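Enquirer: Need coordinates for the below:
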Amino acid sequence: MSTFKEIQGRNIRSYTTNPDNPLEGQMWYNQTELKLKGVTAINAFSSSAPLSLTREGAGSFGTQTTAVICGGESPSVTDKTEEYNGSGFSAGGDMNTARFRHAGVGTLTAGLIFGGFVPPHSSATEEYDGSSWTTSPNSLNTARSSLAGGGTQTSALAFGGAPGYKTSSEEYDGSSWTSTPSLNTGRESIMGAGANAEECLAFGGYTSSPPTVAVNNTESWDGTSWTEVNNLNTARYGAYGCGTSSAAFLAGGIVGPGTMQSAAETWDGTDWTTSPASLATARGRLSVSGSSTAAIAMAGQTPSLTTATEEFNFSTQVITPGAWASSGAMGTARSQISGFGASANASIGAGGYQYGPNAYTNASEEYNGSTFSATPNMPVSLGFRNSGGTITAGIVFAGHDNTSPTNTSLWDGSNYSNGPNLNNGGYGTMGNGSQTAAFIAGSSEPPSRPNTATEEYNGSSWSTVPGALNTGRGNGMGVGSQTAGLAIGGSPDMTNMEEYNGTAWTNGHVLVVGVTRSSAQGGSAPQDNTMIAGGGGSGAIATAQQYNGSSWVTAPSLATARTSANGMGAGNSTSSMLVAGGNSPSITSSEEFTGETTAVNIVDITTS
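Expert: Residues are numbered from 1 along each chain as shown. I've put the predicted structure just below:
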């Protein structure tokens, strides 16, 4: 009988606690817990940032961290493409032909879609290069939708589909489609996987309607013929598979009309195994990309359309997804609030507008990581203010109450005092920075709205500087510092962003979703790592977006939709806080965001 050392190449060692960075299969004795411990791989789904657009029947391809989803019903037929980078979604190039229930294969920079329903049933083929789509002059021989495919942009196979429970199969070599031998069982809403046109797997689908009968048939393609192999454990249709003919993955789908599936299955080349992990959101007509050990499930119907995204991993790592969670409540309900502080656990929220009594407030509250407590009030009652700095040296400036829109209030850690007035000010301005180096730009204050003017504060006075916004705007968000700032969004729901270098504004990367009165996070948010959340000119939204200096992507949504709130603390992709807000009535609740974390899956070893 082999020993542990002969199998693993190491002895079982004894540690006071758990060792740093243990490897899969490693075992040790924990002297503190008096337990034998080890590392093992687990199957698990974890939530991720949502899509910006609800959809079902969309095509998809790529890997878990470089995925593409395109087209679908939303509920109208769409041509929109979104790209996933492992954290969130950003906009890709629009398809040339809007369609749904089409097939997709390939990678982010070399993708291929074919077939689908426009209407009518389509034979069109398009190629994706990572930014734009090109329609191929070569179409499928058989127009169809609800089909499946496998392979790459230059070696793909299309099979099955509607109408009429098709058995037909055809191969694409990068320039033309050629008919190949047919499936043994014709079906619609079929699913598939494959590394290239010479090795594919076809599974599931349905064979009659009405009533719709889901099937579990699985067939393997070897480049010459289709062969019946072992069936799925759960018959289903209306999902997309991923992986290869020897290592495939399937999640979700539809068991019968109106009955959505959450179970996942993996294929090892011989048998399907039902995974111990299942989707948190059961759904059909979803899109799946990746491999049998690292996949992503996107969108679908529940039966209502969803933007939900979940990652599947077979790994030794336990993934805790990034999420917003309820935090301490403010003592005074308000909207149009300003916030500043170096971290979420050391921050201040001040001023705002109280719907209900319909009055501006000068109330100020400090947050210590668990509760808010009142501080001395600001010298003026204003809403829509800008702010920056820390809890010992803060600055709050401009705002709206129709009487003192140019006011500056300085916080010294104990009290507020009036500082020098701005030259322009007003409400809907966008500013940030520190108590000795702040900036402000734009305005929604009549009669000069939307304004492009920029002012800088040097610790003593405000001065208008030559650098003006390229696009006049108000009700956007100001982030960063006087030499590395951002002006984000604005009314009406702008996607435009501009970057400031201390001298001039330049147009930057566009938002995934246009926003008005969204909330950028507080005083020390960096220019290349910030988050915005909530907003809405006519109604509160829960949307969140992150910026990494190169692109905007979607982020996990707020638990409570809110507008005219504000961020407090550092406000980046790993730690943020959003407080109060609401059109009417104002609210007191707050939420804190914690970014995704991973940890080794350490388990107790027992004899059972």
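
Enquirer: Quick one: the helices in this structure, in order.
Expert: Counting by DSSP state H, one finds helices in the chain at the ranges 4-8.

Enquirer: List the contacts of the residue nearest in space to the middle of it.
Expert: Residue closest to the mean C-alpha point of the chain, counted by C-alpha atoms, centre = their mean, is Ala49 at 2.6 Å. Shown in contact with Ala49 (C-beta atoms under 8 Å, 6 or more residues apart in numbering): Ser87, Gly88, Phe89, Thr309, Gly322, Ala544, Gln546, Val553, Thr554, Ala555, Pro556. C-betas here are computed from N, CA, C, even on glycine.

Enquirer: Please work out how many residues are found near the fourth one.
Expert: Residue neighbour count, defined by other C-beta atoms under 10 Å, stands at 26 for Thr309.

Enquirer: What is the burial count for the spatially closest residue to it that is not a sequence neighbour?
Expert: Distance criterion C-beta to C-beta, 6 or more residues apart in numbering; nearest residue to Thr309, sequence neighbours excluded, is Ser48 at 4.5 Å. Look at Ser48: counted by other C-beta under 10 Å, it has 25 neighbours.

Enquirer: do you know how far Ser48 is from Gly205?
Expert: 28 Å (C-beta to C-beta, to the nearest Å).

Enquirer: low-scoring pLDDT stretches of the chain, where are they?
Expert: 1-10, 402, 447-449, 520-525, 568-573, 608 (pLDDT under 70).

Enquirer: Outline the domain layout of it.
Expert: Listed by automatic domain parsing, the domain ranges of the chain are 4-39, 44-317, 324-594.

Enquirer: Same list (those) but as a markdown table, adding distance to Thr607.
Expert: Shown next, in a markdown table, are the domains of the chain (distance: least, C-beta to C-beta, whole Å):
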| stretch | distance to Thr607 |
| --- | --- |
| domain 4-39 | 10 |
| domain 44-317 | 21 |
| domain 324-594 | 37 |
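
Enquirer: Show me the one of those that comes nearest Val603.
Expert: Across the domains of the chain, Val603 has its closest neighbour in domain 4-39 (6.0 Å, C-beta to C-beta).

Enquirer: re earlier: tell me the buried residues within the contacts of Ala49.
Expert: When the contacts of Ala49 are checked for burial by 16 or more other C-beta atoms under 10 Å, the buried set is Ser87, Gly88, Phe89, Thr309, Gly322, Ala544, Gln546, Val553, Thr554, Ala555, Pro556.

Enquirer: I'd assumed Ala555 was in contact with the second one.
Expert: Yes: counting by C-beta atoms under 8 Å, Gly88 sits close enough to Ala555 to count as a contact (5.5 Å).

Enquirer: With adjacent residues omitted, what lies nearest to Pro50?
Expert: The nearest residue in space to Pro50 (C-beta to C-beta, 6+ apart) is Thr307, at 3.9 Å.

Enquirer: Give me the number of neighbouring residues for the residue lying closest to Tyr172 once chain neighbours are set aside.
Expert: Using C-beta to C-beta, 6+ apart and skipping residues adjacent in sequence, the residue nearest Tyr172 is Ala156, 4.2 Å away. Using other C-beta under 10 Å, Ala156 has 27 other residues around it.

Enquirer: contacting residues around Ala156?
Expert: Contacts of Ala156 (C-beta under 8 Å, 6+ apart): Val105, Gly106, Leu112, Phe114, Gly149, Gly150, Glu171, Tyr172, Asn196, Ala197.

Enquirer: May I see the residues you listed arranged in JSON lines, with distance to Ala41 and neighbour count as well?
Expert: Conversion of the contacts of Ala156 to JSON lines gives the following (distance: C-beta to C-beta, whole Å; neighbours: other C-beta atoms under 10 Å):
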{"residue": "Val105", "distance to Ala41": "28", "neighbour count": "33"}
{"residue": "Gly106", "distance to Ala41": "28", "neighbour count": "21"}
{"residue": "Leu112", "distance to Ala41": "32", "neighbour count": "26"}
{"residue": "Phe114", "distance to Ala41": "35", "neighbour count": "28"}
{"residue": "Gly149", "distance to Ala41": "30", "neighbour count": "33"}
{"residue": "Gly150", "distance to Ala41": "26", "neighbour count": "29"}
{"residue": "Glu171", "distance to Ala41": "36", "neighbour count": "21"}
{"residue": "Tyr172", "distance to Ala41": "36", "neighbour count": "25"}
{"residue": "Asn196", "distance to Ala41": "28", "neighbour count": "18"}
{"residue": "Ala197", "distance to Ala41": "32", "neighbour count": "26"}
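
Enquirer: buried set for stretch 89-105?
Expert: Across stretch 89-105, burial judged by 16+ other C-beta under 10 Å covers 89-93, 95, 97-105.

Enquirer: about what we covered before: among the contacts of Ala49, which one lies nearest to Ser586?
Expert: Nearest member of these to Ser586, counting by C-beta to C-beta, is Ala544, at 20.6 Å.

Enquirer: who touches that closest one in this structure?
Expert: Applying C-beta under 8 Å, 6+ apart, the residues near Ala544 are Ala49, Trp324, Met531, Ile532, Ala533, Gly534, Thr554, Ala555, Pro556, Ser557, Leu558, Phe593.

Enquirer: Does Asn418 touch Pro379 like I think?
Expert: Yes: counting by C-beta under 8 Å, Asn418 touches Pro379, with 5.1 Å between them.

Enquirer: before we move on, the earlier item: excluding sequence neighbours, find me the nearest residue to the residue nearest to the centre of the chain.
Expert: Nearest to Ala49 is Gly88, by C-beta to C-beta, 6+ apart, at 3.6 Å.

Enquirer: ok, Gly161 touching Ser146?
Expert: Yes: Gly161 is within contact range of Ser146, at 5.2 Å (criterion: C-beta under 8 Å).

Enquirer: Name the residue in these two with the higher neighbour count.
Expert: Using other C-beta under 10 Å as the criterion, Gly161 and Ser146 rank with Gly161 on top: 32 against 28.

Enquirer: mind listing the strands for the stretch 401-550 of the chain?
Expert: Here the stretch 401-550 of the chain has its strands, by DSSP state E, counting those that start in this stretch, at 408-411, 416-418, 430-433, 438-443, 451-457, 462-465, 477-480, 485-488, 497-500, 505-507, 519-520, 530-533, 544-547.

Enquirer: Using CSV, write down the CA coordinates of stretch 411-422.
Expert: In CSV, the C-alpha atoms belonging to stretch 411-422 read as follows (Å, rounded to 0.1, in the frame of the first residue of the first chain):
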residue,chain,number,x,y,z
TRP,A,411,-13.5,71.5,8.4
ASP,A,412,-10.6,71.3,10.9
GLY,A,413,-11.6,68.0,12.6
SER,A,414,-13.7,69.8,15.2
ASN,A,415,-15.6,72.7,13.5
TYR,A,416,-16.5,74.2,10.2
SER,A,417,-15.6,77.8,9.2
ASN,A,418,-16.4,79.9,6.1
GLY,A,419,-13.7,79.9,3.5
PRO,A,420,-13.2,82.1,0.4
ASN,A,421,-16.1,82.2,-2.1
LEU,A,422,-15.9,80.7,-5.5
